[in-house]
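Asker: would you be able to build a 3D model of this:
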Amino acid sequence: MFRRTKSEAPTSAAPATTSTPDRPGAKGRPTPSRKEAEAAARARAKAPRSRKEQMLAQRSARGDSTRRAREGMKAGEERYLLARDKGPVRRFIRDFVDVRFTFIELLVPLLVVSMIMGYSGNDTAARLSNTLLFTTLMLILVDFFFMRFRLRRELARRFPGESTKGSTLYALMRSMQMRFMRLPKAQVKVGQKLPDTYR
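Answerer: Residues are numbered from 1 along each chain as shown. Down below sits the predicted model:
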């Protein structure tokens, strides 16, 4: 009998497999990394564990939704607007009013000046303040009539066949507000050329 030396060891042995056979009770999935485990732990910690925590989470979600809706309305996003502000006709009216300089924007500063001059005790200053205030009010009325005439003409040209009911009142209410107080916020600058179509 010949004894097999180390050099004569068989070279065709099957390679060792790295997979381990299924064990009873094994989880059947790879062990999560430390980062994944920490993320899952944070998610479990954030989950409301009581009715009070659940109510606080719902209130926070409502606050975020309300904040987003307010920002969308200020920016003029259609889905966040009130029913009175929706549609291409109302968007055009807002832009039509916002590109114009109106005398009503001078009314608040003039009221302050008029009050100061009126309480100064000087009869000439009081008469001058009253005249200035009356002149400003007359200019506001004249400006409004011109605006109404031009608005009706532009609506008939841009939106033929569409209902423009309430457009004059809508434009009046917006023009009576100070520019920084208007909602939705003005999307155009004073004197800017308006687009040809709003559809």
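Asker: and the pLDDT at Gln177?
Answerer: We have a pLDDT of 87 for Gln177.
Asker: same question, the one 3 residues further on
Answerer: At Phe180 the predicted local distance difference test score is 86.
Asker: before we move on, what SS does it have?
Answerer: helix (DSSP: H, G, I helix; E, B strand; the rest coil).
Asker: could you measure from it over to Asp98?
Answerer: 11 Å (C-beta to C-beta, to the nearest Å). (Glycine included, C-beta is placed from N, CA and C.)
Asker: care to break this structure down by domain?
Answerer: 38-75, 83-181 (automatic domain parsing).
Asker: just checking, Val188 touches Leu194?
Answerer: Yes: with contact defined as C-beta atoms under 8 Å, Val188 counts as touching Leu194 (7.0 Å).
Asker: on that earlier part again, out of the domains of the chain, deepest packed?
Answerer: Comparing those by mean neighbour count (mean count of other C-beta atoms under 10 Å), domain 83-181 comes out on top with a mean of 15.
Asker: now the end-to-end length of that one.
Answerer: 19 Å (C-alpha to C-alpha, to the nearest Å).
Asker: could I have stretch 95-109 exported to PDB, CA atoms only?
Answerer: The C-alpha atoms that make up stretch 95-109 are tabulated as PDB, following Å, rounded to 0.1, in the frame of the first residue of the first chain:
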ATOM      1  CA  ASP A  95     -53.500  92.500 -12.400                       C
ATOM      2  CA  PHE A  96     -55.400  95.300 -14.100                       C
ATOM      3  CA  VAL A  97     -55.800  97.100 -10.700                       C
ATOM      4  CA  ASP A  98     -52.300  96.300  -9.500                       C
ATOM      5  CA  VAL A  99     -50.500  97.800 -12.500                       C
ATOM      6  CA  ARG A 100     -52.200 101.100 -12.000                       C
ATOM      7  CA  PHE A 101     -51.100 103.800  -9.600                       C
ATOM      8  CA  THR A 102     -54.200 105.000  -7.800                       C
ATOM      9  CA  PHE A 103     -54.700 108.100  -5.700                       C
ATOM     10  CA  ILE A 104     -56.200 106.100  -2.900                       C
ATOM     11  CA  GLU A 105     -52.600 105.000  -2.100                       C
ATOM     12  CA  LEU A 106     -52.000 108.700  -1.100                       C
ATOM     13  CA  LEU A 107     -55.100 108.800   1.100                       C
ATOM     14  CA  VAL A 108     -53.600 107.400   4.300                       C
ATOM     15  CA  PRO A 109     -50.500 109.700   4.300                       C
END
